[in-house]
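Visitor: pasting the sequence and the predicted model now:
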Amino acid sequence: MPVFDVAVVGGGIVGLATGLKILERCPGKKLCVVEKEREVAAHQTGNNSGVIHSGLYYKPGSAKARTCVEGARRMIEFCRQHRIAHEICGKIVVATSEAEFPALAELLRRAQANGVPGVTEIGPERIREIEPHANGLKGLWVPGTGIVDYAAVARKYAELIAVAGGEVRLGARLTGIRQDVGGGQVLLTTAGEIRTGLLINCAGLHSDRVACLGGAKPDARIVPFRGEYYKLLPDHKHLVKGLIYPVPDPRFPFLGVHFTRMIDGGVECGPNAVLAFKREGYRKASFSLRDSFETFTYPGFWRMGLKYWRTGLGEMYRSFSKAAFVLALQRLLPAIRAEHLETGGAGVRAQALSADGALVDDFRIVRTANAIHVLNAPSPAATASLCIGEQIAEMASTTKG
Ligand SMILES: Cc1cc2nc3c(=O)[nH]c(=O)nc-3n(C[C@H](O)[C@H](O)[C@H](O)COP(=O)(O)OP(=O)(O)OC[C@H]3O[C@@H](n4cnc5c(N)ncnc54)[C@H](O)[C@@H]3O)c2cc1C
């Protein structure tokens, strides 16, 4: 049976960044990344908006704030060093009603507190200069925001792991964990058993389940939220130059539907946030009995539902009604019409939800005797991946394993 010092479960951007940082810190460690799919970055990492976030949304002092600002800097440096296509196109956040001014002011305050470089308040004229078709009474210009293909970044992390002597095992689903008397553990996977001292759980949409397999008792459960996109048809791409975001509703960890120029030149519109009936369900019709049963029997889900049912219904409605989706987009870009859009892809967010119904806002990483579990790594975890990886590598160096 192959024996490793460290086994990382999950070949998404967080697991791969973690593997890379461990090997950088401790060259010669025997490390493998175990991924159930035939390629890396098949889930959240490969289906996201591709934005290198700057760090203005997050509560000062939070893990998100700390790792996003520095993580963005390192992500850009990494892309330059490894010649990964990216662009620092900047973005605007626009308030379309006076009621949003206080939330916009709070974003500016957070940007300053978090040390996001160059964020300035702008008026309607400057908004029009930057984005001639955008609507806004007031806004923020965030010059450092960029775009990249995170699947390409993840593939590069995997390549560097291999160069450093690590292994990325594809097509290997973790199905069970047997604890050894000596503190080691045997991972049962669909591609055979492996023995490891330390397990690092970066399983994204399945991170709570992997934690349970490892004997941990996570205090939150993953509830999947699908984000659906439309794409601007080629003849209408000129309507958006860079990134146009609304002022987000501070009660939710999602940013609201926005326009994102992608690194391949396309423009995505979205994503919304609807409850998914399957953890890796990318279509409206996707359904898993197990996943739905676990969501609907979780008290936290109903407590969240009681608080936010109105917003949830609105999101569902927009999911089925293109006209309603377009209406939300028109707040930012009045010129947009349904006929300018074609259906785009979708991503599913792994959102941890506490039993009291609270959406866990910050990153959550917990340590047990011989494991480290990443239990909540939503946006901006792709941006921040190198910093998160480094943080876990440091934890790993002081965990028995
Ligand atoms: C719609 C959407 C838009 C987003 N936009 C942005 C953005 O613009 N910028 C940004 O910074 N972040 C964004 N995010 C967030 C970002 O994509 C995630 O935070 C990040 O990708 C999380 O990476 P991960 O490695 O934790 O998870 P994942 O990429 O989901 O990887 C987890 C991996 O674990 C594997 N796995 C699960 N269970 C097992 C098992 N039992 N055995 C083996 N392997 C297993 C899965 O197959 C998967 O490959 C967005 C997310 C979504 C969904």
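Guide: Great, that's in hand. Numbering: from 1, shown residues only.
Visitor: for the ligand, what's the nearest residue on the chain?
Guide: G12 (2.0 Å; C-beta to the nearest ligand atom). Backbone N, C-alpha and C define where each C-beta goes, glycine included.
Visitor: other SSEs contacting the worst-scoring helix or strand of the chain on mean pLDDT?
Guide: Ranked by mean pLDDT, DSSP states H and E, the weakest helix or strand in the chain is helix 299-320, scoring a mean of 83. Packing contacts for helix 299-320, counted by 3 or more C-beta pairs under 8 Å, 6 or more residues apart in numbering; DSSP states H and E, involve strand 220-232, strand 274-275, helix 322-332, strand 341-354.
Visitor: so what's T120 closest to, chain neighbours aside?
Guide: On the basis of C-beta to C-beta, 6 or more residues apart in numbering, the spatially nearest residue to T120 that is not a chain neighbour turns out to be W141, at 5.2 Å.
Visitor: please identify the residue most distant from the middle of this structure.
Guide: V181 (36.6 Å; C-alpha atoms, centre = their mean).
Visitor: tell me which residues of stretch 193-206 are tucked away?
Guide: 194, 196-206 (16 or more other C-beta atoms under 10 Å).
Visitor: what sits against the closest residue to D149 other than its chain neighbours?
Guide: Residue nearest to D149 in three dimensions, not counting chain neighbours: I263, with 5.2 Å by C-beta to C-beta, 6+ apart. Contact partners of I263, counting by C-beta atoms under 8 Å, 6 or more residues apart in numbering, are 50, 85-87, 147-149.
Visitor: follow-up on the earlier one: out of the buried residues of stretch 193-206, which are inside strands?
Guide: The strands, defined by DSSP state E, take in 194, 196-201 from those.
Visitor: columns pLDDT and distance to the ligand on top of those residues, output as JSON lines?
Guide: Shown next, in JSON lines, are these (pLDDT from 0 to 100; distance: C-beta to the nearest ligand atom, whole Å):
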{"residue": "I194", "pLDDT": "96", "distance to the ligand": "12"}
{"residue": "T196", "pLDDT": "96", "distance to the ligand": "13"}
{"residue": "G197", "pLDDT": "95", "distance to the ligand": "18"}
{"residue": "L198", "pLDDT": "96", "distance to the ligand": "16"}
{"residue": "L199", "pLDDT": "97", "distance to the ligand": "11"}
{"residue": "I200", "pLDDT": "98", "distance to the ligand": "11"}
{"residue": "N201", "pLDDT": "98", "distance to the ligand": "9"}
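Visitor: can you give me phi and psi for the residue nearest to the spatial centre of the chain?
Guide: Compute the mean C-alpha point of the chain, and by C-alpha atoms, centre = their mean the closest residue is S379, 3.4 Å away. Per-residue torsions, S379: phi -50, psi 140 (degrees, to the nearest 10).
Visitor: how many neighbours does A381 have?
Guide: 30 (other C-beta atoms under 10 Å).
Visitor: and if you look at E39?
Guide: Residues near E39, counting by other C-beta under 10 Å: 14.
Visitor: three-state assignment of it?
Guide: coil (DSSP: H, G, I helix; E, B strand; the rest coil).
Visitor: run through the stretch 301-401 of the chain and note the low-pLDDT ranges.
Guide: Scanning the stretch 301-401 of the chain for pLDDT under 70 picks out 400-401.
Visitor: residues of it that sit close to the ligand?
Guide: 347-349, 377-383 (C-beta under 6 Å from any ligand atom).
Visitor: PyMOL command for the buried members of those?
Guide: Buried residues within those, by 16+ other C-beta under 10 Å, are selected in PyMOL with:
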select buried, resi 347+348+349+377+378+379+380+381+382+383
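Visitor: and the two most separated of the residues of the stretch 301-401 of the chain next to the ligand?
Guide: The span of those, defined through C-beta to C-beta, is set by V348 and T383 at 18.5 Å.
Visitor: what sits opposite L232 in the beta ladder?
Guide: L341 (DSSP bridges).
Visitor: tally of neighbours for it?
Guide: So L232, with other C-beta under 10 Å, has 23 neighbours.
Visitor: might one say that it is in contact with G266?
Guide: Yes. At 7.3 Å, L232 counts as touching G266 under the criterion of C-beta atoms under 8 Å.
Visitor: contact residues of the stretch 151-300 of the chain facing the ligand?
Guide: 173-174, 202-206, 210, 227, 271.
Visitor: just the residues you listed: which has the poorest pLDDT?
Guide: pLDDT across those is lowest for P271, at 88.
Visitor: ok, that residue - contacts?
Guide: 49, 226-229, 257, 346-347.
Visitor: if we use 10 Å, what do you get?
Guide: Shown in contact with P271 (C-beta atoms under 10 Å, 6 or more residues apart in numbering): 47-49, 225-230, 254-258, 260, 344-349.
Visitor: hmm, back to that, quick one, phi/psi of the residue of the chain closest to the ligand?
Guide: phi -90, psi -170.
Visitor: so it sits right up against G19, yeah?
Guide: No. In this structure G12 lies outside contact range of G19 using C-beta atoms under 10 Å: 11.1 Å.
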